[in-house]
Every structure is written in C-alpha cells, then in structure tokens.
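Asks: Predicted model and sequence follow; I will ask about them next.
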Amino acid sequence: MAGTLYAVLALTVALDGESSVADNTGLAVISITSIVFGYVLLACLWHFVFSSKARRKRGEKDPPP
C-alpha cells in the first residue's frame with residue numbers, strides 16, 4: 001500500500017502537475033519510464049553489491065542473521 005502511494009506521489013512530483021493541465025502523454029511516458037528505469041537500476045545495484053554471493057566473491061563474511 002505504501003509503495004503504491006509513493007509511486008503515485010513520485011509520478012505527480014516528476015510530472016510537476018503538467019499532465020493534469022494539458023495532454024502531455026509523451027511527458028508522462030518519459031517520466032514513468034525514467035522512474036521505472038531508476039528503480040530497476042537501484043535494485044540491480046543492491047543485488048550485485050550487497051547480496052551474499054557478491055560478498056563471498058569479495059571475500060567478506062556474511063553479516064549475522
């Protein structure tokens with residue numbers, strides 16, 4: 001629920017309210033694409049840097065549970 005609310009709020013801020021005033025479908029598509037790409041990039045970074053497999057590959061110990 002909070003994630004959906006945040007996504008709607010982030011989209012509204014990213015569009016700066018212009019989408020509700022005029023027909024800026026192109027702006028909305030570019031904005032949503034860039035937001036999704038940013039989240040995917042952060043998820044990949046998190047996975048490849050902080051996963052247990054990456055830590056073992058670097059020779060670091062896993063944190064205690």
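Replies: Everything's here; your move. For clarity, every value in this text was computed on a predicted model and none was experimentally measured.

Asks: Using the three-state scheme, assign the nearest residue to residue 61 once chain neighbours are set aside.
Replies: Distances taken as Cβ to Cβ, 6 or more residues apart in numbering place residue 55 nearest to residue 61, at 7.4 Å, with adjacent residues excluded. C-beta here means a position set from N, CA and C on the backbone, and glycine is covered the same way. Here residue 55 is helix, with the state taken from DSSP: H, G, I helix; E, B strand; the rest coil.

Asks: Residue 55 touches residue 48, doesn't it?
Replies: No. In this structure, residue 55 is not within contact of residue 48 by Cβ atoms under 8 Å, at 10.9 Å.

Asks: So between the two, which is more surrounded?
Replies: Neighbour count, other Cβ atoms under 10 Å: between residue 55 and residue 48, residue 55 has more, with 14 against 11.

Asks: Could you report the pLDDT at the more buried one?
Replies: Residue 55 is assigned a pLDDT of 75 by the prediction.

Asks: Look up how far residue 39 lies from it.
Replies: As judged by Cβ to Cβ, to the nearest Å, residue 55 and residue 39 stand 23 Å apart.

Asks: cool, and residue 59?
Replies: From residue 59 to residue 39 the distance is 30 Å (Cβ to Cβ).

Asks: for the strand or helix carrying residue 43, what is the average pLDDT?
Replies: Element membership for residue 43, per DSSP states H and E: helix 25-50. For helix 25-50, mean pLDDT is 87.

Asks: so what does that helix touch, helix or strand wise?
Replies: Counting by 3 or more Cβ pairs under 8 Å, 6 or more residues apart in numbering; DSSP states H and E, the packing neighbours recorded for helix 25-50 are helix 2-15, helix 18-21.

Asks: Considering those, which stretch scores lowest in mean pLDDT?
Replies: Note on the helices and strands packed on helix 25-50: lowest mean pLDDT is at helix 18-21, with a mean of 55.

Asks: need the contact list for residue 25.
Replies: Residues near residue 25 by Cβ atoms under 8 Å, 6 or more residues apart in numbering: none.
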